[in-house]
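next comes the sequence, and after it the predicted model I'd like to discuss.
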Amino acid sequence: MTNAAAAGLGLLQLCAVLAASVAGRVFAGCAAAIFEAARDDLRGERPMQISDLMDEANATAREKGWWDDERNYGECIALMHSELSEALEGMRKPGPSDKIEGFTAVEEELADTMIRIADFSKQRQLRLVEAIAAKLQFNKGRPRKHGKAF
Ligand SMILES: [Mg+2]
């Protein structure tokens with residue numbers, strides 16, 4: 001082997017090592033990201049999706065017997081109202097939640113509102129996620145304050 005050929009081969013080997021190193025780092029980076037996502041998911045750290053909320057709220061409500069008997073729409077909507085009224089009371093008299101540590105009463109009641117809406121929507125097989133996306137898009141095209149005073 002000539003000196004030039006040996007130098008060329010050495011250069012190729014160096015390139016191969018560098019390429020393997022870069023590819024290895026990319027692979028290791030991807031694997032680490034996948035591992036971290038899976039770990040976070042197992043820990044419940046993945047940001048909750050609306051569909052997750054619907055599934056979990058409905059599963060818990062069914063487990064606790066809230067859907068053992070047929071319920072009417074009016075009753076369910078009234079219970080959503082009641083949670084908003086509780087949130088208003090939490091604003092009128094600010095304070096901590098007495099059920100979930102580290103949260104305010106307003107936060108708890110707004111969460112209750114969303115849980116009731118998600119549960120109802122899942123039970124009635126409403127397309128809540130799709131409707132929210134469609135309405136958000138529609139709202140972008142509306143005039144300022146939707147053309148109203150308040
Ligand atoms: Mg409540």
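Ah, there it is. Small disclaimer: the values here were computed from a predicted structure and weren't measured.

on the three-state scheme, the residue of the chain found nearest the ion is what?
Nearest residue of the chain to the ion: Asp112, at 3.7 Å (CB to the ion). Yep, even glycine has a C-beta here, placed from its N, CA and C like the rest. State at Asp112, reduced to three classes by DSSP: H, G, I helix; E, B strand; the rest coil: helix.

the nearest residue to it once chain neighbours are set aside: helix or strand, and which one exactly?
Using CB to CB, 6 or more residues apart in numbering and skipping residues adjacent in sequence, the residue nearest Asp112 is Glu83, 4.1 Å away. Element membership of Glu83 [criterion: DSSP states H and E] is helix 73-92.

with only the CA atoms kept, save that helix in CSV.
Taking C-alpha atoms only, helix 73-92 is exported to CSV below (Å, rounded to 0.1, in the frame of the first residue of the first chain):
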residue,chain,number,x,y,z
TYR,A,73,-79.9,16.9,29.2
GLY,A,74,-81.4,19.6,31.4
GLU,A,75,-80.2,18.0,34.6
CYS,A,76,-76.7,17.6,33.3
ILE,A,77,-76.5,21.2,31.9
ALA,A,78,-77.8,22.5,35.3
LEU,A,79,-75.1,20.7,37.1
MET,A,80,-72.5,22.3,34.8
HIS,A,81,-74.1,25.7,35.7
SER,A,82,-73.8,24.8,39.4
GLU,A,83,-70.1,24.4,39.1
LEU,A,84,-69.8,27.8,37.5
SER,A,85,-71.9,29.3,40.3
GLU,A,86,-69.5,27.7,42.8
ALA,A,87,-66.6,29.3,40.9
LEU,A,88,-68.3,32.7,41.1
GLU,A,89,-68.7,32.2,44.9
GLY,A,90,-65.0,31.3,45.0
MET,A,91,-64.3,34.7,43.4
ARG,A,92,-66.6,36.5,45.8
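
which residues touch that helix?
Here helix 73-92 makes contact (CB atoms under 8 Å, 6 or more residues apart in numbering) with 104-106, 108-110, 112-113, 116-117, 120.

go with 7 Å
The contact list for helix 73-92, computed with CB atoms under 7 Å, 6 or more residues apart in numbering, reads 104-106, 109-110, 112-113, 116-117, 120.

Ala87: neighbour count?
Number of residues near Ala87 (other CB atoms under 10 Å) recorded here: 20.

so it versus Ala111, what's the distance?
9 Å (CB to CB, to the nearest Å).
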